[in-house]
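> heads up, no residue letters with this:
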């Protein structure tokens with residue numbers, strides 16, 4: 001058989017699978033043992049969504065709501081890019097948040113797409129989400145009490161500066177070169193660390209060193225879309241900053257006593273990397289016997 005026919009057949013199969021894959025929706029469930037989780041918080045159920053890049057797609061929206069409800073979470077978190085920067089209407093976003101809020105409290109942080117919305121659009125977006133019952137945590141922490149837990153738990157969120165995602169050339173064109181970092185001093189100024197177990201919502205996972213030094217116990221992120229294409233043994237291929245093989249692309253990572261969980265997200269084109277939401281169950285880690 002002619003090699004070109006074989007290659008053409010493989011390409012057609014990849015295109016077909018890619019088209020099918022966009023309409024899948026996985027619920028990835030994972031238990032996270034946490035050494036620092038206070039007594040009384042064992043089995044806390046968190047539904048984690050990220051990078052929906054919202055379109056008014058009724059069928060997938062209903063599946064998101066149905067599967068969120070089936071997981072029976074105590075809180076739902078959305079770690080940025082609920083919408084894309086080209087979105088110009090927010091009524092369907094409000095309806096979606098309102099349906100999630102009927103399940104349990106919903107908390108959000110900003111992603112790079114929300115951060116680059118025009119000021120008027122950003123105001124409309126924030127108003128739509130908050131009117132529907134969603135709570136933004138950018139730059140602040142919320143103390144959450146769960147009976148009969150003896151100690152509170154804190155939910156915190158940050159909005160990273162847009163300079164960590166893109167820079168501008170001399171001709172004012174968007175560039176992915178010379179991106180800024182996010183040092184610990186800046187994070188401490190943006191968000192004082194609460195005195196207790198803290199879950200941090202941070203859209204970009206690539207600053208895990210800073211989040212760990214700040215003192216986050218659990219970091220929930222997205223942004224990388226699982227690396228867009230997933231390759232055996234290599235993981236995610238490409239980050240939104242056009243960097244190959246990003247360090248944190250999808251799943252669970254550890255830095256000292258800080259756990260990072262990166263959602264592969266729902267929106268954007270992808271291959272061997274189906275859209276997903278994440279059902280996380282926090283567990284008190286069993287201490288080794290002396």
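Yep, that arrived. From a predicted model like this one, the values you see are computed outputs, not experimental measurements. Residues are numbered from 1 along each chain as shown.
> Which stretches in the stretch 151-290 of the chain count as strands?
153-158, 167-168, 174-175, 198-202, 218-221, 230-231, 235-236, 251-255, 258-262, 276-284 (DSSP state E, counting those that start in this stretch).
> quick one: the helices in this protein?
In the chain, the segments counted as helices under DSSP state H are 3-21, 58-71, 91-101, 112-115, 119-131, 184-190, 208-214.
> so which of these gets nearest residue 31?
Residue 31 sits nearest to helix 58-71 of all the helices of the chain, at 13.0 Å, using CB to CB. Glycine gets a C-beta too; all of them are placed from N, C-alpha and C.
> Now do that closest one: everything it contacts.
Applying CB atoms under 8 Å, 6 or more residues apart in numbering, the external contacts of helix 58-71 come out as 23, 25, 27, 29, 45, 47, 49, 52, 76, 92, 96, 99-100, 103, 266, 275, 277, 279.
> With stretch 81-100 instead?
Contacts with stretch 81-100, where a contact means CB under 8 Å, 6+ apart, come from 50-54, 56, 61, 64-65, 68, 76, 106, 108, 111-114, 116-117, 121, 124-125, 127-129, 131-134, 203, 222-223, 265, 267.
> Could you rerun that using 7 Å?
50-54, 56, 61, 65, 68, 76, 106, 108, 111-114, 116-117, 124-125, 128-129, 131-134, 203, 222 (CB atoms under 7 Å, 6 or more residues apart in numbering).
> For residue 133, grab phi and psi.
Main-chain dihedrals, residue 133, degrees, to the nearest 10: phi 110, psi 0.
> is it true that it touches residue 103?
No: counting by CB atoms under 7 Å, residue 133 sits too far from residue 103 to count as a contact (10.6 Å).
> With neighbour numbers in mind, choose between the two.
Counting neighbours by other CB atoms under 10 Å for residue 133 and for residue 103 shows that residue 103 has the greater number, 18 against 15.
> what's the neighbour count on the residue nearest to that one when sequence neighbours are not counted?
In space, and not counting its chain neighbours, residue 103 is closest to residue 69: 5.3 Å by CB to CB, 6 or more residues apart in numbering. Neighbourhood size, residue 69 [other CB under 10 Å]: 15.
> ok, now residue 12?
10.
> ok, the spatially closest residue to residue 166 that is not a sequence neighbour to residue 85 distance?
Sequence neighbours aside, residue 174 is the residue nearest to residue 166 in space, at 5.1 Å (criterion: CB to CB, 6+ apart). Per CB to CB, to the nearest Å, residue 174 is found 11 Å from residue 85.
> Going by how many neighbours each has, rank the two and give me the top one.
Between residue 174 and residue 85, counting by other CB under 10 Å, residue 85 is the more crowded of the two (16 against 10).
> Contacts only, for the closest residue to the more buried one other than its chain neighbours.
Closest residue to residue 85 apart from its sequence neighbours, by CB to CB, 6+ apart: residue 113 at 4.6 Å. Taking CB under 7 Å, 6+ apart as the criterion, residue 113 is in contact with 81, 83, 84, 85.
> Check residue 196 too.
151, 152, 153, 154.
> export these to a markdown table and tack on neighbour count?
Listed next are these as a markdown table, based on neighbours: other CB atoms under 10 Å:
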| residue | neighbour count |
| --- | --- |
| 151 | 13 |
| 152 | 17 |
| 153 | 24 |
| 154 | 19 |
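> I'd like to know which of the residues you listed is nearest to residue 189.
residue 154 (18.1 Å).
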